[in-house]
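Student: sequence and computational prediction follow.
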Amino acid sequence: MTERRLKRVVAGSPMTLKPSARLQRYLGRELIADPNLALIEFVKNAYDAGSRHVRVVFQLTETPTSVTIEDDGIGMNEDSFRFNWLRPGFSEKAAEYRGDGPHVDAVQAAARRAAARKPAGEKGLGRLAAGRLGERMEVWTRPSPADDWLYVEFDWKKFDDMYRSMDEVEIPFAYRKEAPAGAFEAGTLIRIGGLSQTWMGRLPGRPSPGRPRTRLGRLKQDLSFLFRASADKDEAFEIQLDSDHVTERTDVGTITHESSRLDSAHYVYRFCIDALPAEGDDACQLIVKRSVERSPQTAVSTGKPRKADLKSDPGTTIPARQWPGPFTGYFTYTPPPAARRAREIDLAPTGVLLYRDDVLVEPYGLPGNDWLAVEAKKASRQGHAAIQPSTFAGEVTIGRETNPNLVDMSNRLGLLDTDASIAFTRLVRQEFAAFEDLIYQEVLVEGHWKGKEQKKAAERAVHAEQVAHLRLKALAHRAGQPLQAMAFDILGLQSIAGNEDIPTDARDRIREHSNSLEVGLRRIGQVVEQLSTPPSADEAFDPGALADEVAKEVESLAEQHNAQLSIECRTSRTVFASRSLIFEVLVELLTNAIEVPRIVETTGLVQLEISAPADDHIEVRVVDDGIGFGEQSSKVSDFAQLTSTKGRDADGLLNAQNAVVASRGDLFISDTSEGGTTAVLRIPTGAAPVPRRT
Amino acid sequence: MSYALLIDDDPDIIRSAATMIRNQGLLLETASSWDEGLDKFYAYSPDVVISDYNLPGSKMGLALLLEVSRLRPSVRLVLISAYLNESDVEEVRKLNLVDDVVRKTNPMDSARAIVNAVERASMRSDEATDWVAFANASLRVGGVNEKALESLDSFLQANRLGGSA
């Protein structure tokens, strides 16, 4: 019979392909190597059918073993089953579909969901993968609860005869009132019996890092990455995995697609790659937009902004045939122990997952798939890699419509090797290199090596300060001894001035000189005392009271220069800084304001105003009516460039600024003109630094 | 006539103070170390001993003041120092051993305080002996808490002399 039939085929005209039934066996049993991927094909179909819930239930303790995939999506009637399901390679989800399939009165909610989703599959091959999982497949399906269940039974053994063509194998079907217990009211239930491999126990060999050890655990992990966790998804899609036997408690459960990756990351690097037609023929000019987002902790430790746009390369061109279409993505850097925590929460394999319209393009980014060659790069850096595979993750998103040239292989082992896919991988790897450079600079160079240098420098500075203070103290003590002796001498002179045996005019002159000496000695004594006193540590204090003390300090100087001091304190807030340091800074500012030359030789006015313009600092404004900085006005933003009225560097002002900035505050000249100058001192009210002026 | 004894290791201070005070007609003996000071204490029996805290010689600090105080309870003691801070001064006063503590923070003020101490001692010597005060002074010396004194002395020597203030 078989020979006769073959002759008829040979004698016929025209020639057509008539696939042997065995082709189904090849496609179904041998095309997809990984049983997880075969099962995921059914979950994708359920997603495309607009399901809200999918249940994957294993029966492993009964004989024969089975797995059931049931969904509440759009079910099928007999016509649609024949039109769609029974035609391998045909898919209503394909772009070429003309919309000429039979009408199905589906549940409205499922239909709405299906219409809103971009299809996860389009080849029409996934259902054949059932042959990879088991010898028998039974399908129960109905579009609505009002219909009977269409029951179809596939026995894949019947397809082993290569002398029969595919359409000669009869597939039994019937209508049934009942579906197996637990089925949704409408939708599709597929039971695959006589499972071709065991799903119990652990996988042999060494467990991969971040990868569950059990077969079911791995399936659960793969399912958890199947759909992209994104905030703007139309609605929840939930997969429930269950089994009558589990090796580990975490093997089963509900799989949602929330992710903590972004929350725990120290760096999130985003990129968006697009292209414009370039001048000339057949070329595109790339437009690359990059940004980086640092965690609050990282922003503080690096002193860099939370969010920043990064510089893009000047537009490079790419041959138009290589252009894979626009795509976006992000990478994260999460150093331990946050990376470990994230892995525990997410069961996250580290890697960059590739999603097409929210559905994973397998196996990109799954454990063992290092498509960005992170591991290889790490090995080539010989222990100096900025990014370890365990600290790195990310997602790249392409679209069916935007990237038609990026097509994945039917065996789910990657993208088809085309010019576009090669260029796509190259472009993503370039982004990885740019991200790695950023991490290298900020984490390793600045945060680690430079950080160590800074720490050492800080320790040296503290030590130097201690030594300097001890030396100052010793010098002050040495200066204090002759001053003390001079004090007795002055008392001696004053005593002589009281001796009535000496002529009055001589006594008066002695008294006058000795009194002057006493004033001078007192001033020197104060300086010497301050030299031996270390600057106080940060403390909370009242700026108004300090201003009064400063005013007292410069009182005699103001009298000498015929300047009037006015102090106004408009806040009752305390500040948190080194009181002695702020005292010195204010003395410096007021001294400058008092001594500044004035156009008109009248009484000068120096105002000191204290206000609290923000919660984190108070502002002290020292306003004078002098002639301003004149020709140096343009340099007031940089005190290092200023010279004093005596033609020397303005060291006093510069030192004051350095001291204030080191104390988390700020000091600057806000305004200077022929009518006067305003210096602004910002003092923090807490431990946080004052924002620097812009 | 009363003697005052000034013990300080700085020759300039000794010279200027001695010149000034002696020109006032007051009697002042000086010493540059504690051992020399103790000799002069025996020799001149001063009414007031003005001593620097940090001295070369076999003893320094509060311990030597306690020693002279025991030798003659009625002697007036003035401690001078450039190292002690206000809180240290309070602690020293609490011991009830010295009559005054002069910090050398302001040279004019400390010079005047020393001269005043000498003048007061001189004035007292012109008066009849106040035996009640004498008896009280003996009681006061007997009541000094020696443990507290030793403890404070050790602390000051360890933390104030040339160390961090």
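Tutor: Great, that's in hand. Computed from a prediction, not measured in an experiment: that's the story for all the values here. Residues are numbered from 1 along each chain as shown, chains lettered A, B, ... in the order given.

Student: contacting residues around the closest residue in space to residue A:41 that isn't next to it in sequence?
Tutor: The shortest distance from residue A:41 to any non-neighbouring residue, by C-beta to C-beta, 6 or more residues apart in numbering or on different chains, is to residue A:126 (3.2 Å). C-beta coordinates here come from the backbone N, C-alpha and C atoms, glycine included. Taking C-beta atoms under 8 Å, 6 or more residues apart in numbering or on different chains, we find residue A:126 in contact with A:41, A:42, A:44, A:45.

Student: any idea which of these is closest to chain B?
Tutor: residue A:44 (73.0 Å; C-beta to the nearest C-beta).

Student: now do the contacts for the closest one.
Tutor: Applying C-beta under 8 Å, 6+ apart, the residues contacting residue A:44 are A:120, A:121, A:126, A:226, A:359.

Student: what's the farthest-apart pair in those residues?
Tutor: A:126 and A:226 (12.7 Å; C-beta to C-beta).

Student: any buried residues in stretch B:29-44, and which?
Tutor: Using 16 or more other C-beta atoms under 10 Å in any protein chain shown as the test for burial, stretch B:29-44 gives B:29, B:30, B:31, B:32, B:33, B:34, B:36, B:37, B:38, B:40, B:41.

Student: one more: stretch B:131-139?
Tutor: So for stretch B:131-139, counting by 16+ other C-beta under 10 Å, buried means residue B:137.

Student: which elements pack onto the helix or strand of chain B with the lowest mean pLDDT?
Tutor: Among the helical and strand segments of chain B, the one scoring lowest on mean pLDDT, DSSP states H and E is helix B:131-142, with a mean of 72. Other elements packing on helix B:131-142 under the criterion 3 or more C-beta pairs under 8 Å, 6 or more residues apart in numbering or on different chains; DSSP states H and E are helix B:61-71.

Student: centre of the chain to the helix it packs on, how far?
Tutor: The chain centre lies 9 Å from the centre of helix B:61-71; the measure is C-alpha atoms, centre = their mean, to the nearest Å.

Student: who touches it?
Tutor: B:34, B:37-38, B:41, B:49, B:51, B:53-55, B:59, B:75, B:77, B:79, B:92, B:95, B:97-98, B:141, B:144, B:146, B:149-150, B:152-153, B:156-157.

Student: how many neighbouring residues does residue A:103 have?
Tutor: 9 (other C-beta atoms under 10 Å in any protein chain shown).

Student: actually residue B:9, not the one I wrote
Tutor: 18.

Student: find the nearest non-adjacent residue to it, please.
Tutor: Nearest residue to residue B:9 in three dimensions, chain neighbours excluded: residue B:32, at 5.0 Å (C-beta to C-beta, 6+ apart).

Student: wait, that neighbour touches residue B:8, no?
Tutor: Yes - using C-beta atoms under 8 Å, residue B:32 is in contact with residue B:8, at 7.0 Å.

Student: okay, and the common contacts of these two?
Tutor: residue B:14.

Student: what segments of the stretch 101-250 of chain A are helices?
Tutor: Here the stretch 101-250 of chain A has its helices, by DSSP state H, counting those that start in this stretch, at A:108-116, A:130-133, A:215-224.

Student: how about the longest one as PDB, C-alpha atoms only?
Tutor: What follows is the C-alpha trace of helix A:215-224 in PDB, where atoms were taken according to Å, rounded to 0.1, in the frame of the first residue of the first chain:
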ATOM      1  CA  ARG A 215      14.400  20.600  38.100                       C
ATOM      2  CA  LEU A 216      11.200  22.100  39.300                       C
ATOM      3  CA  GLY A 217      13.100  25.000  41.000                       C
ATOM      4  CA  ARG A 218      14.700  25.800  37.700                       C
ATOM      5  CA  LEU A 219      11.400  25.700  35.800                       C
ATOM      6  CA  LYS A 220      10.000  28.100  38.400                       C
ATOM      7  CA  GLN A 221      13.000  30.400  38.000                       C
ATOM      8  CA  ASP A 222      12.800  30.300  34.200                       C
ATOM      9  CA  LEU A 223       9.100  31.100  34.400                       C
ATOM     10  CA  SER A 224       9.800  34.000  36.700                       C
END
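
Student: against which helices or strands is it packed?
Tutor: helix A:35-48, strand A:53-59, strand A:238-243, strand A:253-255.

Student: centre of chain A to the edge, which residue is at the far end?
Tutor: Among the C-alpha atoms of chain A, the one most distant from their mean position (C-alpha atoms, centre = their mean) is that of residue A:501, at 89.9 Å.

Student: tell me how far that one lies from residue A:597.
Tutor: 49 Å (C-beta to C-beta, to the nearest Å).

Student: ok now do residue A:374, which residues does it touch?
Tutor: A:351, A:387, A:389, A:392, A:432.

Student: go ahead and confirm the last one touches residue A:371.
Tutor: No - proximity of residue A:432 to residue A:371 does not meet the contact threshold set by C-beta under 8 Å, at 10.1 Å.

Student: more neighbours: which of the two?
Tutor: residue A:432 (22 against 18).

Student: secondary structure element for the more buried one?
Tutor: helix A:419-439 (DSSP states H and E).

Student: what is the subsequent helix or strand relative to that helix?
Tutor: helix A:450-497.

Student: who are the packing partners of that following helix?
Tutor: So helix A:450-497, by 3+ C-beta pairs under 8 Å, 6+ apart, packs with helix A:504-531, helix B:11-23, helix B:107-126.

Student: what residues of the second one count as buried?
Tutor: Residues of helix B:11-23 classed as buried under the neighbour-count rule (16+ other C-beta under 10 Å) are B:12, B:13, B:14, B:16, B:17, B:20, B:21.

Student: same question, stretch B:49-66
Tutor: Those would be B:49-55, B:57, B:59-62, B:64-66, for stretch B:49-66 by 16+ other C-beta under 10 Å.

Student: measure that stretch end to end?
Tutor: 12 Å (C-alpha to C-alpha, to the nearest Å).
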